[in-house]
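> predicted model and sequence follow; I will ask about them next.
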Amino acid sequence: MAKEAARLLYIGASEEYMHAKEQAARSLVLTSMPSNYEVAIELDLIAQEYEGEERNRLLNAMREDAISIMKALAGYNPILTGSVWRGTARKGSDIDINVYSSEPKDVEAHLVKNGYKVVKSEEMKAVKGGRTINSKHLSIQLTDGPMAEVIVRPVEERSTEERCEIYGDLKRGLTLPELEKLMRTDPLRKFVPRRRYR
């Protein structure tokens, strides 16, 4: 079932892990559900099988693009997260970068000033530990194809630890100096735990 859910995610028949697992369960007439971790491992294998060496080139290019964006936003403590940090980026993936500011409009203006085109700006709310946290999601179209999403979070969230819904480990990400070092030493490194953390 994990493989079928992963296939549905890969071909775009489903965008969310839960929906993909539910679709897979219905088509295979099964009731037990795989974990998100199991589906993610299968999705990584499928992407590697279909995309091969091109996938490595894509990851390398996306990490280089992330460096450029993070340099432009250096004053906002940027952290690379998501599949480009993990090393599991595939065709259709975007670049996710968290920044921290009490003035999201300043971040957006800074991106525009540095030559980036913000194609979508969206306010988001999330409830964590009984409190509501506001963030702003800025989607930017890069000239060479992929999209990047800059998530502007409150400054006080900078020190908050967050668990990954897929892998179960802490979402640490990479700072700009860490990403630059990685690109010099091991540009295709993956940050995927060998087992699901609780």
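Structure's in. What do you need?
> residue contacts, the residue most central in space within the chain?
With distances taken as CA atoms, centre = their mean, residue 82 lies nearest the centre of the chain, 2.1 Å away. By CB atoms under 8 Å, 6 or more residues apart in numbering, the contact list for residue 82 reads 93-96. For every residue, glycine as well, the C-beta is placed using N, CA and C.
> most surrounded residue in the residues you listed?
residue 95 (24 neighbours; other CB atoms under 10 Å).
> and the nearest residue to it once chain neighbours are set aside, what element?
Once flanking residues are discounted, residue 95 sits nearest to residue 148: 4.0 Å by CB to CB, 6 or more residues apart in numbering. If you go by DSSP states H and E, residue 148 is part of strand 147-153.
> return the member of the contacts of residue 82 nearest to residue 17.
Nearest to residue 17 among the contacts of residue 82 is residue 93, at 14.8 Å by CB to CB.
> ranges for the strands of the chain?
79-81, 95-100, 117-128, 131-141, 147-153, 174-175 (DSSP state E).
> make CSV out of these and add distance to residue 71.
Below are the strands of the chain laid out as CSV (distance: least, CB to CB, whole Å):
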stretch, distance to residue 71
strand 79-81, 12
strand 95-100, 11
strand 117-128, 17
strand 131-141, 14
strand 147-153, 13
strand 174-175, 12
